[in-house]
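In: with the sequence up front, the predicted model follows.
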Amino acid sequence: MKKLLVIFRNSPYSSLIAQEGIELTLLASSYALDLSVLFLGNGVLQLLKNQRPEKIFRKNLGKMLAALSFYEIKNIYADQDALAQYQLQKDQLVLNCQNVNQQQISDIIHEHQGIINC
């Protein structure tokens, strides 16, 4: 089975890239791919609980991300340096992510045959 990695690098509401990336991830999961998700840099901001995007007329990405568990996407990683930069703790995140360092990120990227950057 082909291993696919979706990397989220963008802040949640700066454009539609994050939303479209989540939709793509949910769609790809229905094709029984071995799917992993990695949040890097500003992308970790997508993981924050209590987002209020309705004020800017956008979908709540936190709610969309919560659906990943229903789609049996279990390999969810977050850049521990970015989490530290934004002073984010696990209890502030909508997903239970495995925090990974730079070496682990490199290893994760190299073990996947397909990579999609969002």
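Out: Looks like it arrived, so ask away. Since this is a predicted model, take the numbers as computed values, not measurements. Numbering: from 1, shown residues only.
In: which residues of this structure fall in strands?
Out: Along the chain, counting by DSSP state E, strands occupy 3-8, 34-39, 75-79, 98-100, 114-117.
In: tell me, please, the helix or strand in the protein that averages the lowest pLDDT.
Out: Comparing helices and strands within the chain by mean pLDDT, DSSP states H and E singles out helix 61-66 as the least confident, with a mean of 80.
In: circling back: of the strands of the chain, which is nearest Leu61?
Out: Leu61 lies closest to strand 3-8 among the strands of the chain, at 9.6 Å (CB to CB). For the C-beta atoms, the positions are set from N, CA and C on the backbone; glycine is no exception.
In: so for that closest one, mean pLDDT?
Out: Averaged over strand 3-8, pLDDT sits at 94.
In: report the spatially closest residue to Leu5, excluding sequence-adjacent ones.
Out: His112 (3.9 Å; CB to CB, 6 or more residues apart in numbering).
In: so how far is the lengthiest helix in the chain from its chain's centroid?
Out: As assigned by DSSP state H, the longest helix anywhere in the chain is helix 17-29. Chain-centre distance of helix 17-29: 9 Å, with CA atoms, centre = their mean, to the nearest Å.
In: now that helix and strand 34-39, what's the angle there?
Out: Comparing the axes of helix 17-29 and strand 34-39 via axes from the mean of the first three to the mean of the last three CA atoms, to 10 degrees yields an angle of 160 degrees.
In: what sits up against helix 17-29?
Out: 4, 6, 8, 10-12, 35, 37, 43, 46, 58-59, 61, 64-65, 67-68, 71-73, 116, 118 (CB atoms under 8 Å, 6 or more residues apart in numbering).
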